[in-house]
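Student: sequence and predicted structure are below.
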Number of protein chains: 2
Amino acid sequence: MPKPIEFYFDFSSPYSYLASEQIDALAARHGRTVDYRPVLLGPVFKTSGGTPLTEGYGPKAEYSKHDFARSARFAGVPYRAPSRFPVGAVAAARAVLWLQQHAPEQATAFIHAIFRAYFVEDRDISEAAVVGAAARSVGIDADALAAGVQQPAIKDLLKQRVDEAIAFGMFGAPLIVVDGERFWGNDRLPQIERWLAQGPF
Amino acid sequence: MPKPIEFYFDFSSPYSYLASEQIDALAARHGRTVDYRPVLLGPVFKTSGGTPLTEGYGPKAEYSKHDFARSARFAGVPYRAPSRFPVGAVAAARAVLWLQQHAPEQATAFIHAIFRAYFVEDRDISEAAVVGAAARSVGIDADALAAGVQQPAIKDLLKQRVDEAIAFGMFGAPLIVVDGERFWGNDRLPQIERWLAQGPF
């Protein structure tokens, strides 16, 4: 079996959202699956010195906002700029980890539901009620999930995942790893497609 | 006549080089020409707070170097990492401006010759002799060019161009402007192609 494609993301990252809407089909075209790895860019940026694209130098921030929406239209992916950006996605990230352990067949649908709640429906995904609604929308027991994300083991697991990402040098999202080869950014999907089709280049 | 595509670049920028090897053909496919606009990222970054991709956080710098070469292979463009990077491209940029005034039909060939001297042949394009050799290789009178780039009017023009780029909010290269729409980066060429083919999206 070929290895799953590792997809490191933060729910607050627009380019992670755009890539998440395309990566399942891309992987399937080449007989692969996607291993979704939620992390938090906040602590990653603390180490790497990065900043959210909409902060810092004004013209770059304005360009980035314009490019998020244009890149979404280019990819045919629905997108609405969130009112609150970036947003704390800790609860949603923990929920993914709990689901991957306890209801793995529902985890990917939940990931897409959270991304769409944030980047299409403009819901504040830092709120437990919004996370619960997204869970219910894909048939997940929201009460069990709400209890699950409070487990110390889940909290520790997210912290460990973030520490691992920092340790291996993650500096932005999405980071997509194919057979050990790293690709950073939604705009590397065409390179990933060639890699999957033809092998290393 | 449709407007030329404005291509703002720094000779030290690998992604500018990769895009420069593709933009003429892309423009021609859609009945456009390319208006090459040399600028200097040094003063641009002083205002925007940017840094060369190979400086700063180690893992990001390493990824960038890897991505320069992989993106070149992906595009089918020859590439060799320069020994000296980044390099001062003031003399080469001034030479472009002088040629665009005095031998415009040779300016584009010169631009490609300089880029290839730096990113394929690993020549130090900050040296006047290397600029002269690149000029001769495309049939330009290198002595006339060497005198031309010393003209105060040419020096002032480059300074003015850089100031204008800073004033309109340039923050990275290549910056490619199509009918007023800005696209940043070699990886936006597919979006530019769609824009030229189908109009605004």
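Tutor: Nice, thanks for sending it over. Residues are numbered from 1 along each chain as shown, chains lettered A, B, ... in the order given.

Student: just grab the bridge partners of residue A:9 for me.
Tutor: Partner residues in beta bridges with residue A:9, using DSSP bridges, are residue A:38.

Student: hmm, residue A:161 is touching residue A:37, no?
Tutor: Yes: counting by CB atoms under 8 Å, residue A:37 is a contact partner of residue A:161 at 6.6 Å. From N, CA and C alone the C-beta is placed, and that goes for glycine too.

Student: of the two, who's got more company?
Tutor: Legend: neighbour count by other CB atoms under 10 Å in any protein chain shown for residue A:161 and residue A:37, higher for residue A:37 (20 against 17).

Student: number of nearby residues for the spatially closest residue to the more buried one that is not a sequence neighbour?
Tutor: Leaving aside its chain neighbours, residue A:37 sits nearest to residue A:8 (4.6 Å; criterion: CB to CB, 6 or more residues apart in numbering or on different chains). Residue A:8 has 26 neighbouring residues, counting by other CB under 10 Å.

Student: for residue A:8, give me its contacts.
Tutor: By CB atoms under 8 Å, 6 or more residues apart in numbering or on different chains, the contact set of residue A:8 is A:37, A:39, A:165, A:170, A:173-177.

Student: do the longest helix along chain A and chain B meet at all?
Tutor: Across chain A, the longest stretch assigned as helix under DSSP state H is helix A:58-75. Yes: using CB under 8 Å from any CB of the partner chain, helix A:58-75 comes into contact with chain B via A:58-60, A:62-63, A:66-67, A:70-71, A:73-74.

Student: list just the nearest of these to chain B.
Tutor: residue A:59 (2.9 Å; CB to the nearest CB).

Student: the closest one contacts residue B:48, doesn't it?
Tutor: Yes: taking contacts as CB under 8 Å, residue A:59 lies within contact range of residue B:48: 7.3 Å.

Student: intersection of neighbour lists for these two?
Tutor: With CB under 8 Å, 6+ apart as the test, residue A:59 and residue B:48 both reach B:170-171.

Student: with neighbour numbers in mind, choose between the two.
Tutor: Taking neighbours as other CB under 10 Å, residue A:59 and residue B:48 compare with residue B:48 leading, 19 against 15.

Student: and the gap between that one and chain A?
Tutor: Remark: distance between residue B:48 and chain A (CB to the nearest CB, to the nearest Å) = 5 Å.

Student: which residue, other than its chain neighbours, is closest to that residue?
Tutor: residue B:171 (4.0 Å).

Student: wait, that neighbour sits on residue A:60?
Tutor: Yes: the criterion here is CB under 8 Å, and residue B:171 meets it with residue A:60 at 4.4 Å.

Student: alpha carbons of stretch A:27-34, as PDB, please.
Tutor: Once non-C-alpha atoms are left out, stretch A:27-34 reads as follows in PDB (Å, rounded to 0.1, in the frame of the first residue of the first chain):
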ATOM      1  CA  ALA A  27      -5.100  11.600  -3.500                       C
ATOM      2  CA  ALA A  28      -7.900   9.300  -4.700                       C
ATOM      3  CA  ARG A  29      -6.900   9.900  -8.400                       C
ATOM      4  CA  HIS A  30      -3.500   8.300  -7.500                       C
ATOM      5  CA  GLY A  31      -4.700   5.600  -5.100                       C
ATOM      6  CA  ARG A  32      -3.800   7.400  -2.000                       C
ATOM      7  CA  THR A  33      -5.500   8.500   1.200                       C
ATOM      8  CA  VAL A  34      -5.000  11.600   3.200                       C
END
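
Student: which parts of it are buried?
Tutor: By 16 or more other CB atoms under 10 Å in any protein chain shown, the buried positions in stretch A:27-34 come out as A:27, A:32, A:34.

Student: starting at the chain centroid, how far to it?
Tutor: 17 Å (CA atoms, centre = their mean, to the nearest Å).

Student: now stretch A:66-78
Tutor: 17 Å.

Student: swap in stretch A:121-128?
Tutor: Stretch A:121-128 has its C-alpha centroid displaced from the chain centroid by 15 Å (CA atoms, centre = their mean).

Student: so what's the residue nearest to residue B:48 up against?
Tutor: So residue B:171 contacts A:57, A:59-60, A:63, B:44, B:48, B:50, B:184 (CB under 8 Å, 6+ apart).

Student: ranges for the strands of chain A?
Tutor: Per DSSP state E, chain A carries strands over the ranges A:5-9, A:34-38, A:175-178, A:181-184.

Student: confidence score at the residue nearest to residue A:155 when sequence neighbours are not counted?
Tutor: Closest residue to residue A:155 apart from its sequence neighbours, by CB to CB, 6+ apart: residue A:94 at 6.5 Å. Residue A:94 carries a pLDDT value of 98.

Student: ditto for residue A:1
Tutor: 75.

Student: where does chain A come near chain B, residue by residue?
Tutor: Contact residues (CB under 8 Å from any CB) of chain A with chain B: A:47-50, A:56-60, A:62-63, A:66-67, A:70-71, A:73-74, A:168-172, A:182, A:184-185, A:187-188, A:190-191, A:194, A:201.

Student: just the buried subset of these, written out for PyMOL, thanks.
Tutor: This is how PyMOL selects the buried members of the residues of chain A next to chain B, with burial counted by 16+ other CB under 10 Å:
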select buried, chain A and resi 47+48+50+57+60+63+67+70+71+74+169+170+171+172+182+184+185+187+188+191
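
Student: tell me the contacts of the residue nearest to residue A:155?
Tutor: So residue A:94 contacts A:149, A:154-155, A:158 (CB under 8 Å, 6+ apart).

Student: do the same with residue A:10
Tutor: Applying CB under 8 Å, 6+ apart, the residues near residue A:10 are A:16, A:38-41, A:44, A:89, A:93, A:173.

Student: next, count neighbours for the nearest residue to it once chain neighbours are set aside.
Tutor: Once flanking residues are discounted, residue A:10 sits nearest to residue A:41: 4.3 Å by CB to CB, 6+ apart. Applying other CB under 10 Å, we find 26 other residues in the vicinity of residue A:41.

Student: what residues are up against residue A:41?
Tutor: With CB under 8 Å, 6+ apart, residue A:41 has these contacts: A:10, A:12-13, A:50, A:52, A:86, A:172-173.
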